[in-house]
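Chemist: the sequence and its predicted three-dimensional model are supplied below.
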Amino acid sequence: MAVRDNNKEPVNMKPEEQFNFFHDERVRSIFYQLLTVAVVGGFAWYLVSNTAHNLEIRGMNTGFGFLNVAAGFDSYFKLIPNEPGTGTYGRIFIIGALNTLYVSALAIIVSTLLGFFIGILRLSKNWLVSKVALTYVEIFRNTPLLIQVIFWYIGVFSLLPKVKNSIDLSGGAEVLILNNRGLYMAWPIPGDQLWMTSLTIVIAAIAIVFFRRWAKNRHDRTGKLFPTFIPSAALFILLPGTVYLITGMPLGWELPKLEGFNFVGGANLPPAFVALLVALSIYHASHMAETVRAGVLSVGKGQYDAARALGLKEKRVMSRVIIPQAMPAIVPPMISNWMSAVKNSSLAIAIGYPDLVTLFMGTSLNQAGYAVELVGMTMAFYMVISLIISWLLNIYNKRVQLVER
């Protein structure tokens, strides 16, 4: 509607908006959120109250006081000391959690490195190499992980030679020995002045970071490449090595020795641990390989041709041009792969490896009861670990995202 004044230009008048409670978008949004919270809260209250009522009827104890009660059993593999009859169920939870994190972390590292390697081989121009990599991916990716875990444990590691016929993987040095009772290896014994070498390693690593940043800034300013690998390697090896020699080489090794019917000394990884680690690594590496292959193929072929036209070598093109541009496509599926590796470690219960599920939801549940608390704590552990992995990799994913100019 336009109103004309005698001395002014026409002025547009907008109709005055009227507030309607049932049709206002902001009101509807708040209303539906409150309604959702009420429904979810009511459902949670019903579950909690109903569970508490049923437990009370059956005379079952509730609460988390059992965590301070002494457990009458122990784990044959543990990263922290524990005494049966003295250690509590809370300590058993920590032992199981550490065992789970230990095998999961190693599986994540091995599967990621192996997956990148296999994924690059899948793209090889050599027909035989690419087909071998394809065969690996198709076999292990399409076979249930539980079957692979049992296969490695029963079909491979249980058939290894006995203790007296152990396989020396170190070629006679007796620092890495394999038999049907596990993998035995030398274990370091630190001396009093080893901290000086450790401190030097940290200083060298920090110096290398600043050195590489300086080289990158110099390259951005002048366009000239400055070699960083050899100086960095020399700094990381020579500086700590010099300190290590000056301080009298304060690091000894405890070697495994055959005494009686078994090896003593050093470190020992049981067959269940090794079988689970191998199965998790190989299985998730096959998924990682396909993620890497898809990420590399998402980069336009023109990027490769342009890099080769500039005179870059094949390996440098892949490491400097293709992989950095492929990372935004690789990281999101890699997050799921890492979280699956942690959760799939619970299959250790099939071969008796003392992870969190075996110790806490198995033995502890049979002895102490408290099913709701035990299951809830186990679920919360895996949920927290998955959220931490997702949070950290999402931070990294934001850093590798390509920014358009």
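Modeler: Here it is on my side, so go on. Numbers count the residues shown, from 1 in each chain.

Chemist: lowest average confidence, helix or strand, in this structure?
Modeler: strand 2-3 (a mean of 52; mean pLDDT, DSSP states H and E).

Chemist: would you map the strands across the protein?
Modeler: Ranges of strands in the chain, per DSSP state E, are 2-3, 11-12, 167-168, 176-179, 182-185, 187-190, 251-254, 257-259, 262-264, 267-269.

Chemist: include mean neighbour count when you put these into JSON lines, please.
Modeler: The C-beta positions use only the backbone N, C-alpha and C, and glycine is treated the same way. Listed next are these as JSON lines, based on neighbours: other C-beta atoms under 10 Å:
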{"stretch": "strand 2-3", "mean neighbour count": "8"}
{"stretch": "strand 11-12", "mean neighbour count": "8"}
{"stretch": "strand 167-168", "mean neighbour count": "12"}
{"stretch": "strand 176-179", "mean neighbour count": "20"}
{"stretch": "strand 182-185", "mean neighbour count": "22"}
{"stretch": "strand 187-190", "mean neighbour count": "12"}
{"stretch": "strand 251-254", "mean neighbour count": "13"}
{"stretch": "strand 257-259", "mean neighbour count": "12"}
{"stretch": "strand 262-264", "mean neighbour count": "15"}
{"stretch": "strand 267-269", "mean neighbour count": "16"}
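
Chemist: can you put these in JSON lines and add distance to N54?
Modeler: Formatted as JSON lines, those follow (distance: least, C-beta to C-beta, whole Å):
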{"stretch": "strand 2-3", "distance to N54": "72"}
{"stretch": "strand 11-12", "distance to N54": "68"}
{"stretch": "strand 167-168", "distance to N54": "54"}
{"stretch": "strand 176-179", "distance to N54": "50"}
{"stretch": "strand 182-185", "distance to N54": "44"}
{"stretch": "strand 187-190", "distance to N54": "50"}
{"stretch": "strand 251-254", "distance to N54": "53"}
{"stretch": "strand 257-259", "distance to N54": "54"}
{"stretch": "strand 262-264", "distance to N54": "49"}
{"stretch": "strand 267-269", "distance to N54": "43"}
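
Chemist: any idea which of those scores lowest on pLDDT?
Modeler: Note on the strands of the chain: strand 2-3 shows the lowest mean pLDDT, a mean of 52.

Chemist: can you list contacts of stretch 258-277?
Modeler: 76-77, 103, 106-107, 110, 149, 152-153, 156-158, 160, 163-164, 166, 177, 180-187, 254-257, 345, 347-348, 351-353 (C-beta atoms under 8 Å, 6 or more residues apart in numbering).

Chemist: are any of the residues you listed buried, and which?
Modeler: 77, 103, 106-107, 110, 149, 152-153, 157, 160, 166, 177, 181-186, 255-256, 345, 347-348, 351-353 (16 or more other C-beta atoms under 10 Å).

Chemist: can you tell me which of the strands of the chain is nearest to M377?
Modeler: strand 267-269 (26.7 Å; C-beta to C-beta).

Chemist: buried sites along stretch 230-247?
Modeler: S232, L235, F236, L239, P240, V243, Y244, T247.

Chemist: go ahead and confirm the second one touches I208.
Modeler: So that's L235. Yes: assessed by C-beta atoms under 8 Å, L235 is found in contact with I208 at 6.0 Å.

Chemist: break this structure into its domains for me.
Modeler: Annotated domains of the chain cover 24-60, 67-142+276-383, 192-250 [automatic domain parsing].

Chemist: and those, which one is worst for confidence?
Modeler: domain 24-60 (a mean of 76).

Chemist: I'd like the distance between F229 and P332.
Modeler: 30 Å (C-beta to C-beta, to the nearest Å).

Chemist: higher neighbour count, those two?
Modeler: P332 (14 against 8; other C-beta atoms under 10 Å).

Chemist: spit out the contact partners of the nearest residue to the more buried one once chain neighbours are set aside.
Modeler: Leaving out its chain neighbours, the residue that sits closest to P332 by C-beta to C-beta, 6 or more residues apart in numbering is N397, at 6.6 Å. Applying C-beta under 8 Å, 6+ apart, we find N397 in contact with P328, V331, P332, I335.

Chemist: what's the answer for G63, then?
Modeler: Y370, E373.

Chemist: and stretch 140-148, how far out from the chain middle?
Modeler: Relative to the centre of its chain, stretch 140-148 is centred 19 Å away, using C-alpha atoms, centre = their mean, to the nearest Å.
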